[in-house]
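Peer 1: Got a predicted model here, sequence first, then my questions.
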Amino acid sequence: MMSVGLKIMKNQLSKYVRLAEQGETIWICDRDKVVAMLSPPAPHMAPHLADALLAEAVRGGYVTAAVLPPGSPLAPRAATLPLKSILAELDEDRADR
């Protein structure tokens, strides 16, 4: 673990990002006060940005994860009644109005 001043961090950002990529945690200080921390991603995080954003959206409740795995087709549902019966019942219901 190491600390670096904000001005130095700004001027050598790529150096510190590479250190974080290698596993180093860097505390970023402004006037001897820790204001942020740069650390490597947690092992459970997705390696690609799009996957990480999708996972965050699922955790936040913005989207729902698929119930079936990709490529699993749903079996077609069997009709409960013939179409003629459904239309006849609909006509009966509308006749009351």
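Peer 2: Thanks, I have it. Residues are numbered from 1 along each chain as shown.

Peer 1: Past the helix or strand of the chain with the lowest mean pLDDT, which element shows up next along the chain?
Peer 2: None of the helices or strands of the chain scores lower by mean pLDDT, DSSP states H and E than helix 49-60, at a mean of 84. As assigned by DSSP states H and E, the chain's next helix or strand after helix 49-60 is helix 83-95.

Peer 1: Which of the three states applies to residue 3?
Peer 2: At residue 3 the chain is in strand, as set by DSSP: H, G, I helix; E, B strand; the rest coil.

Peer 1: ok, and the closest non-adjacent residue to it?
Peer 2: Distances taken as C-beta to C-beta, 6 or more residues apart in numbering place residue 27 nearest to residue 3, at 4.1 Å, with adjacent residues excluded. Quick note: C-beta positions are derived from backbone N, CA and C, even for glycine.

Peer 1: The one you found and residue 92, how far apart?
Peer 2: 75 Å (C-beta to C-beta, to the nearest Å).

Peer 1: Of those two, give the one with the bigger neighbour count.
Peer 2: Using other C-beta atoms under 10 Å, the more surrounded residue of residue 27 and residue 92 is residue 27, with 15 against 9.

Peer 1: Work out for me the element the more buried one sits within.
Peer 2: Going by DSSP H and E, residue 27 is part of strand 26-30.

Peer 1: Export that strand to PDB, keeping only CA atoms.
Peer 2: Presented in PDB, the C-alpha positions along strand 26-30 are these (Å, rounded to 0.1, in the frame of the first residue of the first chain):
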ATOM      1  CA  ILE A  26      -2.800   3.500  -3.700                       C
ATOM      2  CA  TRP A  27      -4.100   6.100  -1.300                       C
ATOM      3  CA  ILE A  28      -4.600   9.500  -2.900                       C
ATOM      4  CA  CYS A  29      -4.000  12.500  -0.600                       C
ATOM      5  CA  ASP A  30      -4.800  16.100  -0.700                       C
END
